[in-house]
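J.: Have a look at this fold, sequence not included:
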């Protein structure tokens with residue numbers, strides 16, 4: 001039986017990944033900061049006969065990252081799929097944000113992805129199978145007032161593309177998921193008012209996960225869920241960067 005480890009597994013895209021992977025028959029290792037929510041999520045899966053290990057860990061800390069990295073590197077309990085989903089942003093722009101908050105966000109969005117991927121891949125390559133899914137964002141193709149978040153997600157995208165190239169002919173895959181707006185707790189946790197979250201720009205987390213895993217099975221490296229965001233990604237790639245910056249700035253002023 002194969003095992004999947006999902007970070008940020010108690011809500012949103014992470015919870016949707018866990019639910020879908022459980023239906024696929026995988027054992028689960030669920031990672032999140034809130035131990036009570038982890039146990040509640042695990043209880044639901046265990047009632048359905050899914051083997052689940054809970055791993056409370058704050059990935060903004062070195063101790064939390066090392067705890068999860070040790071689990072990923074354990075040869076006695078191999079993990080065949082790592083989903084680096086945990087991530088966060090904040091309401092304050094760079095110059096008004098507290099330096100400690102910026103560093104914590106960077107450690108969650110970048111350092112944890114690097115460290116956990118590095119922990120998981122050697123065993124996968126040795127076994128000749130496995131995959132890493134790193135969750136980025138459409139914002140990684142652009143820029144904006146929350147420049148640290150967009151830069152971090154751009155790093156995740158380029159990092160994963162590089163990993164995919166380096167893993168050629170190993171039997172191990174790497175894919176970066178770049179969703180647009182998704183109905184989750186993400187914006188509320190950051191204190192961002194995004195309105196009613198209705199309309200074609202907003203996707204359900206379950207749809208995002210379904211399309212991501214389908215793209216992974218096809219051997220894709222970059223997964224952009226939904227036709228509308230696929231078109232937007234192409235346009236963002238074609239537009240000159242100065243034009244893209246002006247368009248993003250205008251959109252932010254209208255919010």
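T.: That came in fine, so what should we check first? Keep in mind that this is a model prediction, so the values were computed, not measured.
J.: Give the burial count for the closest residue in space to residue 2 that isn't next to it in sequence, as a bare number.
T.: Leaving out its chain neighbours, the residue that sits closest to residue 2 by C-beta to C-beta, 6 or more residues apart in numbering is residue 80, at 4.2 Å. Quick note: C-beta positions are derived from backbone N, CA and C, even for glycine. Look at residue 80: counted by other C-beta atoms under 10 Å, it has 19 neighbours.
J.: so residue 80 makes contact with residue 129?
T.: Yes: taking contacts as C-beta atoms under 8 Å, residue 80 lies within contact range of residue 129: 6.3 Å.
J.: Can you tell me the SS state at residue 30?
T.: strand (DSSP: H, G, I helix; E, B strand; the rest coil).
J.: distance of the closest residue to it other than its chain neighbours from residue 82?
T.: Spatial nearest neighbour of residue 30, chain neighbours left out: residue 9 (4.0 Å); criterion: C-beta to C-beta, 6+ apart. Separation of residue 9 from residue 82 (C-beta to C-beta, to the nearest Å): 12 Å.
J.: So between the two, which is more surrounded?
T.: residue 9 (31 against 27).
J.: tell me the SS of residue 173?
T.: Residue 173 - assigned by three-state DSSP - is strand.
J.: How many residues are close by it?
T.: 21.
J.: Give me the distance between the residue nearest to residue 2 and residue 123.
T.: 9 Å.
J.: before we move on, what about residue 59?
T.: Distance from residue 59 to residue 123, by C-beta to C-beta: 20 Å.
J.: In terms of neighbours, single out the busier of these two.
T.: residue 59 (27 against 17).
J.: Only the buried residues of stretch 123-138, if you could.
T.: Neighbour counts over stretch 123-138 (16 or more other C-beta atoms under 10 Å) mark 123, 124, 130, 131, 132, 133, 134, 135, 136, 137, 138 as buried.
J.: which residues does the closest residue to the second one other than its chain neighbours bridge with?
T.: When the adjacent residues along the chain are set aside, residue 124 lies closest to residue 130, with 3.1 Å between them (C-beta to C-beta, 6+ apart). For residue 130, the beta-bridge partners are residue 172 (DSSP bridges).
J.: ok, now how distant is residue 130 from residue 57?
T.: In terms of C-beta to C-beta, residue 130 sits 21 Å off from residue 57.
J.: Residues contacting the top helix by length along the chain, please?
T.: The single longest helix within the chain, with elements called by DSSP state H, is helix 147-166. For helix 147-166, contacts defined as C-beta atoms under 8 Å, 6 or more residues apart in numbering pick out 84, 87, 89-90, 93-94, 97, 102, 105-106, 109-110, 113-114, 117, 121, 132, 134-137, 139-144, 173-176, 178, 221-222.
J.: out of the residues you listed, which are inside strands?
T.: Within these, residues falling in strands by DSSP state E are 84, 132, 134, 135, 173, 174, 175, 176, 222.
J.: So which of these is the closest to residue 64?
T.: Lowest distance from residue 64 to those (C-beta to C-beta) belongs to residue 84, with 13.6 Å.
J.: tell me, how many neighbours does the closest one end up with?
T.: 30.
J.: residue contacts, residue 87?
T.: If you count contacts by C-beta under 8 Å, 6+ apart, then residue 87 has 8, 108, 109, 135, 153, 186 around it.
J.: quick check, nearest of those to residue 245?
T.: Using C-beta to C-beta, these come closest to residue 245 at residue 153, 16.0 Å.
J.: Burial check on the residue nearest to that closest one when sequence neighbours are not counted, number of neighbours?
T.: Nearest residue to residue 153, sequence neighbours excluded (C-beta to C-beta, 6+ apart): residue 140, at 3.4 Å. Neighbour count for residue 140, taken as other C-beta under 10 Å: 20.
J.: Can you name the residues that contact residue 140?
T.: 150, 152, 153, 154, 155, 156, 157, 178.
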